[in-house]
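A predicted structure for the sequence below; I have some questions about it.
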Amino acid sequence: MGFLAPWFLAGLVALGLPVYVHLLRKQTSVPRPVSSLMFFEQGTQSSIRHRRLRYWLLLALRTLLVLLLVLAFAKPFFRHRTMLASDKLLLVAIDDSFSMNAKDGGTTRLDEAKRQALDVLDHKASGQKAQVIAVDGQVRVLTQPVADGRVLRAAVEGIMPGDGHGSFGELGRGMRAMAETVHTPMELDVFSDMQESNMPGNFADMVMPGNVSLVPHRIGSGAAPNWSLESVQAPGQLVDTKKARVIAVVAGHGTSAASKTVSLVVNGKVIATKKADVPADGRATVAFDGLDVPYGESKCSVKVDGADAFSADDVNYFAVKRADPERVLFVHQASDARSPLYFGTALGAAAQASFVLQPITPEQATDIDPTKYAFVVLSDVPAVPSVLENVLIRYVEAGGSVLVAEGMSAAHREHIPVFGGTVEDGHFYARSGNAGFEGAGEMDASHPALKDANGWKGTKFFYASAVPAENARVVAKLADGTPLLLDKQMGEGHVLLFASGFDNVTNDLPLNPTFVAFVDEAARYLAGEERLGGARLVDSYVQLRNPVNARAEADTKSAVDVIAPDGSRPMSLREAAVAQSFQLARAGFYQVRFANGRDALLAVNADPRESDLRPVADDVLKLWSGAVAGQAEATTAAAGEQQGVSHLWWWIMLLVAITAVAETALASGYLGTEREAL
C-alpha cells in the first residue's frame, strides 16, 4: 500500500469540522404569549444540554465524506504480483534454412544454433511451458506448449539441415497468427545467422505483436567469404549434343579476386573442366560447348572448387533428356505453302532444335493419331472434320496441346476448332483509313510462350480475328485491345490460339527475328518441356494434375508418384490419389509421374540468395527486437517476478459520491425547527 501524494494526508485535520458544525447548531425557541410574568421565578438556563452531540449517523457520514476526499487526493495505490517468469510462454525458433549449413570452426551454424537453444531450455524457469519452432521460408511448430524438458530437447535435436530460403517476414506473420489465439505474454528466442537476404521488402511484415518479446541470438561469425554456383542455363531436352551449350555463373560474396575451377558433371562423371577468373566480390561466366549425354534422362550438374566454409552451394543441378526429334503435326490448307515454310524454318532454326515439322492437309489428317506427336498446329484451316476435331479434343484433355492460328479463313467461319467459341468479327486493318496496320500492345512476359515480349514491338498486323476471351488467359493484345494470343486449359492440356496467321499476309511477324524465339518458346511450352524439364528452386511447387479434373482423376485412380532426392516417397497413397501439386522441399533430383502418365526428372536447387552470408546490420536488428524494451523486461525477469500497480482513487471517488447522497438524504430529515422543551 502507498500514496502518490502523501502530503494531502495533512487534510485529515479536517475531520474535526463535522464535530464543530454539530456543536454550533443553533437553539431556537418559539415565543408564547403569557398574561403576566409575576408568577415566574427568575433563573439561569444551562447550555450543556444544547451542546451535547446528537445524530451520530449523520456525524459519521460527514466525517467519512471528509476522510474519503482526503484519501482520494492522496492517490493511494497498492502493488501486486502480475505474473511469475514461469507464466510466460517460451518460444524457441531455430533457423534451418540453407545458409545454416555453413561451417564456423568445423561446426555448422545449425549445430551451434541447436546447442544454444538447448542451453536456453535448460535454464528456463521451473514449470515454464515452451514450444520449439523451425523456421525457413515457413514457420513449422514442432511441439505443443509443454514444460517437459525431454520433449523439448528431442524436438530441437530432431531438426535436420534444410535447403529452403529463410524469411523473417514469414516469422513475423506466423507470430501474429499465433497471437490471435495465445493472449498470454510470449518470449520468442530466435537462433539464426540473421542473413540480410532474409529481410522482407516491407519491414512491417516482420514486426512482432504486442504480447511477443523478441530475443535474437546471432549465430556464426558474420559475412564469411563464399563462392557459389549462382545459376546454370542448359537445355532441358536436346537432340544434337554438339549444338548444346551450358552457361554457368560463378559468384563471389565478400571474396577477393581468384581463379576457380569449374567442372561439368554428367551422371556423376566429370566430362569438362574450365577456369573462371572471378573478380573481387563479383561474377564470372563459364560456357561449355557440347553436352555429351546418353539417350534418356541424365542427372547433370556444374561444380566449382569453392574451398570455403559453405560447400553446399558449390554445385548447381540440372536435368537433360536426350531423344530423337519429336514430330509436330502441322495441318494447313493445300493452297497455303507459306505458313508451313515460315513455321518449319523457325522451328528448325532454334538453338536447341528438337522438333521436326510434318505438314498435312485436313483431308489427310482424318486417320492421324495425334498422340504420336509433340503437339498439333491448325494453321488457317477453314474447316476441320468433326472426327478429327473430336480426336483432338480428347487428345488435349488427356494432356496434349494444340496451337490454332486463325488466319484469314476465320472471316468465313464462325466456330473455332478445338478452342471452341465463335469469331465475333474480323478486323481488316489493311482496309482501314489509318496506317493500314495495328501494332502489338499489352504483352504478358510471364507466360512461357512469350518470354521475348519486347521483340514484338514494331510488328505490323494487317488482320486479326475478334475472339472472346471466355475461360482463357489473354497472353497478348493488339494496341486497340483486340486479344492476339490466348491460352485455354482443357483437361490436362492446353489450346494456344493466335488470332492472326503464320504467313506474311496477315502480319509481318514471320519476317521478324522475334518469330524464331516465339515459335521455339511456344513449341517447348506446348510439348510440355517447360513443365517436365529444367531446374527449379527449393520450395517451389510442381503441378501434378489439373485442379479442374482433380475429382475425376481421383475417381479413376490416376495416382501420381514422387520420388525425393534421398530415394524416399514423401506422399502417402491417399495423397497421391488426390494431390494437385507438390512442394519441392529439398535440393537434388526428383522423379515425378504426373496424372496424365508422363514422367519427368526435375532438378531442384537452393535459392542463390542463401549464398550471400552478409548479416543484418546491428541497428536494424536492435530496431526489430526493441532493445530498450527488451532490457527492461530482462531486468524484471531477473528479479524473479513482475509487479503490477493498481490505483484506488477512482474507487474512493465512487464511495464519496455514494456517501454524499446518503448524507444529503439523512440531513434533510433534521432540517425542521426544534421546539423548546417546556
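Good, I have the coordinates.

can I assume residue 374 is in contact with residue 524?
No - between residue 374 and residue 524 there is no contact under C-beta atoms under 8 Å: 9.5 Å. Just so you know, the C-beta spots here come from the backbone N, C-alpha and C atoms, and that holds for glycine as well.

For the two, indicate the residue with more neighbours.
Taking other C-beta atoms under 10 Å, residue 374 and residue 524 do not tie; residue 524 has more neighbours (25 against 22).

which residues touch whichever helix or strand that one is part of?
With secondary structure defined by DSSP states H and E, residue 524 is part of helix 514-527. Contacts made with helix 514-527 from outside it, assessed by C-beta atoms under 8 Å, 6 or more residues apart in numbering, are listed as 236-237, 326, 328, 342-343, 346-347, 349-352, 355, 374-375, 401-403, 447-452, 455-456, 459, 494, 496, 509, 530.

among those residues, which are in strands?
In strands, defined here by DSSP state E, the members of those are 237, 326, 328, 355, 375, 401, 402, 403, 494, 496.

Tell me who's in contact with the residue most central in space within the chain.
Among the residues of the chain, residue 170 comes closest to the average C-alpha position under C-alpha atoms, centre = their mean, at 6.2 Å. Residue 170 makes contact with 135, 137, 138, 139, according to C-beta under 8 Å, 6+ apart.

Give me the pLDDT for residue 124.
Residue 124 is assigned a pLDDT of 90 by the prediction.

With adjacent residues omitted, what lies nearest to it?
What sits nearest to residue 124 in space, not counting adjacent residues and going by C-beta to C-beta, 6 or more residues apart in numbering, is residue 90, at 5.6 Å.

who's that neighbour bridged to?
residue 130, residue 187 (DSSP bridges).

you'd agree it is up against residue 131?
Yes - counting by C-beta under 8 Å, residue 90 sits close enough to residue 131 to count as a contact (7.4 Å).

Which ones among the contacts of residue 170 map onto strands?
135, 139.

Any of the contacts of residue 170 buried? List them.
When the contacts of residue 170 are checked for burial by 16 or more other C-beta atoms under 10 Å, the buried set is 135, 137, 139.

all helices of the stretch 251-400 of the chain, in order?
If you assign secondary structure with DSSP state H, counting those that start in this stretch, the helices in the stretch 251-400 of the chain sit at 338-348, 386-397.

Quick one: closest of these to residue 538.
helix 386-397 (32.2 Å; C-beta to C-beta).

Packing partners of that closest one?
Helices and strands touching helix 386-397, by 3 or more C-beta pairs under 8 Å, 6 or more residues apart in numbering; DSSP states H and E, are strand 401-405, strand 483-490, strand 493-498.

do you know which of the ones you listed lies nearest residue 475?
Closest approach to residue 475 among these is made by strand 483-490 (4.2 Å; C-beta to C-beta).

Over that closest one, what's the mean pLDDT, rounded is fine.
On average, the pLDDT along strand 483-490 is 91.

partner strands of that strand, parallel or antiparallel?
Applying DSSP bridges to the sheet, strand 483-490 is found paired with strand 473-478 (antiparallel), strand 493-498 (antiparallel).

Most tightly packed of the ones you listed?
strand 493-498 (a mean of 25; mean count of other C-beta atoms under 10 Å).

Determine how far it lies from the middle of the whole chain.
Its chain's C-alpha centre lies 31 Å from the corresponding centre of strand 493-498 when counted by C-alpha atoms, centre = their mean, to the nearest Å.

Stretch 426-444 now?
What separates the centre of stretch 426-444 from the centre of its chain is 41 Å, taken as C-alpha atoms, centre = their mean.

Tell me the span between the first and last residue of that stretch.
Using C-alpha to C-alpha, to the nearest Å, one end of stretch 426-444 lies 23 Å from the other.

For the residue nearest to residue 93 when sequence neighbours are not counted, the count of nearby residues, please.
What sits nearest to residue 93 in space, not counting adjacent residues and going by C-beta to C-beta, 6+ apart, is residue 133, at 4.3 Å. Each residue near residue 133 was counted by other C-beta under 10 Å, and the total is 23.

you'd agree residue 133 is up against residue 92?
Yes - A contact is recorded between residue 133 and residue 92 when judged using C-beta under 8 Å, the distance being 6.7 Å.
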